[in-house]
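*Asks:* Next one to model:
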Amino acid sequence: MGRKDLVNELIDFICKYKLFSNAEDLRTETESIERHLEISMYVEGLIQLLITKAKYIENMDFARLNKLLSELEDIRLELEYAE
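*Replies:* As a prediction, the model looks like this:
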(Lines give C-alpha, C1' and ligand atoms only; values in the text may rest on other atoms or scores of the structure.)
Protein backbone atom coordinates (compact mmCIF):
# COMPACT_ATOMS: atom_id res chain seq x y z
CA MET A 1 0.00 0.00 0.00
CA GLY A 2 1.37 3.43 -0.90
CA ARG A 3 1.81 6.11 1.71
CA LYS A 4 -1.03 8.27 0.38
CA ASP A 5 -3.37 5.27 0.43
CA LEU A 6 -2.23 4.38 3.93
CA VAL A 7 -2.83 7.93 5.18
CA ASN A 8 -6.31 7.99 3.65
CA GLU A 9 -7.08 4.56 5.10
CA LEU A 10 -5.85 5.68 8.54
CA ILE A 11 -7.95 8.82 8.45
CA ASP A 12 -11.04 6.89 7.35
CA PHE A 13 -10.48 4.37 10.15
CA ILE A 14 -9.96 7.07 12.78
CA CYS A 15 -13.07 8.93 11.64
CA LYS A 16 -15.24 5.82 11.41
CA TYR A 17 -14.47 4.77 14.97
CA LYS A 18 -14.14 8.34 16.31
CA LEU A 19 -10.79 7.61 17.91
CA PHE A 20 -10.21 11.34 18.43
CA SER A 21 -12.66 14.07 19.30
CA ASN A 22 -11.42 16.08 16.32
CA ALA A 23 -11.12 13.14 13.92
CA GLU A 24 -12.85 14.91 11.03
CA ASP A 25 -10.23 17.67 11.17
CA LEU A 26 -7.62 15.12 10.09
CA ARG A 27 -9.11 15.03 6.59
CA THR A 28 -7.40 18.36 5.90
CA GLU A 29 -4.06 17.17 7.28
CA THR A 30 -3.25 14.33 4.86
CA GLU A 31 -0.05 15.92 3.53
CA SER A 32 1.19 16.69 7.03
CA ILE A 33 0.50 13.15 8.21
CA GLU A 34 2.25 11.74 5.15
CA ARG A 35 5.34 13.86 5.90
CA HIS A 36 5.31 12.71 9.51
CA LEU A 37 5.41 9.08 8.38
CA GLU A 38 9.10 9.75 7.70
CA ILE A 39 9.72 10.07 11.47
CA SER A 40 10.09 6.76 13.29
CA MET A 41 8.93 8.15 16.65
CA TYR A 42 5.74 9.49 15.04
CA VAL A 43 4.98 6.14 13.44
CA GLU A 44 5.69 4.30 16.69
CA GLY A 45 3.43 6.68 18.61
CA LEU A 46 0.67 6.24 16.05
CA ILE A 47 0.90 2.46 16.39
CA GLN A 48 0.67 2.69 20.19
CA LEU A 49 -2.22 5.13 19.98
CA LEU A 50 -4.23 2.89 17.66
CA ILE A 51 -3.64 -0.14 19.87
CA THR A 52 -4.59 1.73 23.03
CA LYS A 53 -7.73 3.32 21.59
CA ALA A 54 -8.89 0.10 19.89
CA LYS A 55 -9.19 -1.68 23.24
CA TYR A 56 -12.20 0.43 24.16
CA ILE A 57 -14.16 0.41 20.89
CA GLU A 58 -16.98 -2.06 20.38
CA ASN A 59 -17.56 -3.69 16.98
CA MET A 60 -14.08 -2.77 15.80
CA ASP A 61 -12.97 -4.13 12.44
CA PHE A 62 -9.90 -5.87 13.82
CA ALA A 63 -8.88 -7.24 10.41
CA ARG A 64 -8.68 -3.67 9.09
CA LEU A 65 -6.88 -2.51 12.22
CA ASN A 66 -4.40 -5.36 11.88
CA LYS A 67 -3.70 -4.42 8.26
CA LEU A 68 -3.10 -0.78 9.20
CA LEU A 69 -0.85 -1.72 12.09
CA SER A 70 1.10 -4.08 9.87
CA GLU A 71 1.66 -1.36 7.27
CA LEU A 72 2.75 1.11 9.96
CA GLU A 73 5.10 -1.45 11.50
CA ASP A 74 6.71 -2.04 8.09
CA ILE A 75 7.30 1.70 7.76
CA ARG A 76 8.68 1.90 11.30
CA LEU A 77 11.12 -0.92 10.65
CA GLU A 78 12.28 0.65 7.38
CA LEU A 79 12.91 3.93 9.16
CA GLU A 80 14.66 2.30 12.10
CA TYR A 81 17.08 0.36 9.94
CA ALA A 82 17.72 3.35 7.68
CA GLU A 83 19.00 5.43 10.62
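*Asks:* list the buried ones in the longest helix belonging to the chain?
*Replies:* Taking residue count as the measure and DSSP state H as the definition, the longest helix of the chain comes out as helix 62-82. Applying a neighbour-count criterion of 16 or more other Cβ atoms under 10 Å, the buried positions in helix 62-82 are 65, 68-69, 71-72, 75-76, 79. Backbone N, C-alpha and C define where each C-beta goes, glycine included.
*Asks:* Residues touching it, excluding its own?
*Replies:* Here helix 62-82 makes contact (Cβ atoms under 8 Å, 6 or more residues apart in numbering) with 1, 3, 6, 9-10, 13, 37-40, 43-44, 46-47, 50-51, 54.
*Asks:* tell me the contacts of the residue nearest to the spatial centre of the chain?
*Replies:* Compute the mean C-alpha point of the chain, and by Cα atoms, centre = their mean the closest residue is residue 10, 4.7 Å away. By Cβ under 8 Å, 6+ apart, the contact set of residue 10 is 33, 46, 68.
*Asks:* Tell me the pLDDT of the last one.
*Replies:* When you say that, I think you mean residue 68. pLDDT for residue 68: 96.
*Asks:* how near is it to residue 35?
*Replies:* 18 Å (Cβ to Cβ, to the nearest Å).
*Asks:* What are the boundaries of the helices in this protein?
*Replies:* Counting by DSSP H, the helices of the chain are 3-16, 30-36, 40-54, 62-82.
*Asks:* Great, nothing more from me.
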